[in-house]
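Novice: attaching a predicted model along with its sequence, questions to come.
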Amino acid sequence: MGRLQDRVAVVTGGAAGIGRAIVETFADEGARVVLVDRELDGAAGLLEAYGDRVAAVRGDVAERATAEAAVAEAVARFGSLSVLVTCAQGSVQKPFLEQSVDDLEVSLRSGLHQTWHFLQVAHPHLRVAGGSVITFASGAGLDGMPTQSSYAAAKEAIRGLSRTVANEWARDGIRVNTICPIAATEGVQRWAAAFPDDYARSAAKVPMGRWGDPRADVAPIVLFLASDDSRYMTGQTLMADGGSIKLR
């Protein structure tokens, strides 16, 4: 029996990168998963591999209607919702003085607004299940990474929101924790191509000497936070970054 046997999860950004790795890991551990993404081309292999245990919803995660559709799909298809993972995030990398309000909106809408909507829409079902929420922040905010101002602002806002919701929802039996990963995703590879010097400096800071692998290094931590193994943890930020940042 898997660690998430018969639980139902919604994972945003689930068609690629870390989100896809989480969908695969959850499904392998017995969960039924609804993945949400703007484009579902990358999800075809998942749907074929896992059959009726994985479903997909296409939509803009910044829109409340997408959250409503995803949660409704989970409940209609699988009967409940016990795990929410808000992994999706878009951003524009530029030095701060070159960033526009539109650039900021990209990060806020895809990250903070997404997390806000999915939390509110999922709450009634998570309360019934005694669920777990895993939100995504970043060392870019904790470390003040150059060219990442709008992204860092959105990610730190998500951390603050998550801590507040963790306190408010503890009485409902819902846990809310945040992970800050470093992983060699498609987005990181695009950033490295655009800003190779910044990428090289960032990679050199990783004490373990490498960027994490989404499936091998990040998804197992999300699995831990989703499972009963972390049942006495809430309101925490976990760094999955090879030791780059040590929280005190």
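Specialist: In hand now; what should we look at?

Novice: so how far is Thr237 from the most centrally placed residue in the chain?
Specialist: By C-alpha atoms, centre = their mean, the chain has its centre lying nearest to Cys87, at 2.0 Å. When distance is defined by C-beta to C-beta, to the nearest Å, Cys87 is 15 Å away from Thr237. Where C-beta positions appear, they are placed from N, C-alpha and C, glycine not excepted.

Novice: follow-up on the earlier one: for the residue nearest to the centre of the chain, which residues are in contact?
Specialist: Counting by C-beta atoms under 8 Å, 6 or more residues apart in numbering, Cys87 touches 11-14, 17-19, 22, 136.

Novice: swap the cut-off to 10 Å and go again
Specialist: The neighbours of Cys87, taking C-beta atoms under 10 Å, 6 or more residues apart in numbering as the test, are 11-14, 16-23, 35-37, 61, 114-115, 134-136, 179, 181, 218, 222.

Novice: pLDDT weak spots in this protein?
Specialist: Low-confidence segments of the chain, defined by pLDDT under 70: 247-248.

Novice: ok, 80 please
Specialist: For the chain, applying pLDDT under 80 flags the ranges 187-188, 191, 202, 246-248.

Novice: and the residue nearest to His113 when sequence neighbours are not counted, what does it touch?
Specialist: With sequence-adjacent residues excluded and distances taken as C-beta to C-beta, 6 or more residues apart in numbering, His113 is closest to Ala62, at 4.8 Å. Taking C-beta under 10 Å, 6+ apart as the criterion, Ala62 is in contact with 38, 88, 90, 105-106, 108-114, 116-117.

Novice: quick revisit: just the buried ones from the contacts of Cys87?
Specialist: When these are checked for burial by 16 or more other C-beta atoms under 10 Å, the buried set is 11-14, 16-23, 35-37, 61, 114-115, 134-136, 179, 181, 218, 222.

Novice: may I have the phi/psi pair for Trp211?
Specialist: With angles defined as degrees, to the nearest 10, Trp211 sits at phi -80, psi 150.

Novice: skipping its backbone neighbours, what lies nearest it in space?
Specialist: Ala184 (4.3 Å).

Novice: would you mind confirming that Thr234 is in contact with Val165?
Specialist: Yes - counting by C-beta atoms under 10 Å, Thr234 touches Val165, with 9.5 Å between them.

Novice: joint contacts of those two?
Specialist: Residues touching both Thr234 and Val165 (C-beta under 10 Å, 6+ apart): 133, 174, 176.
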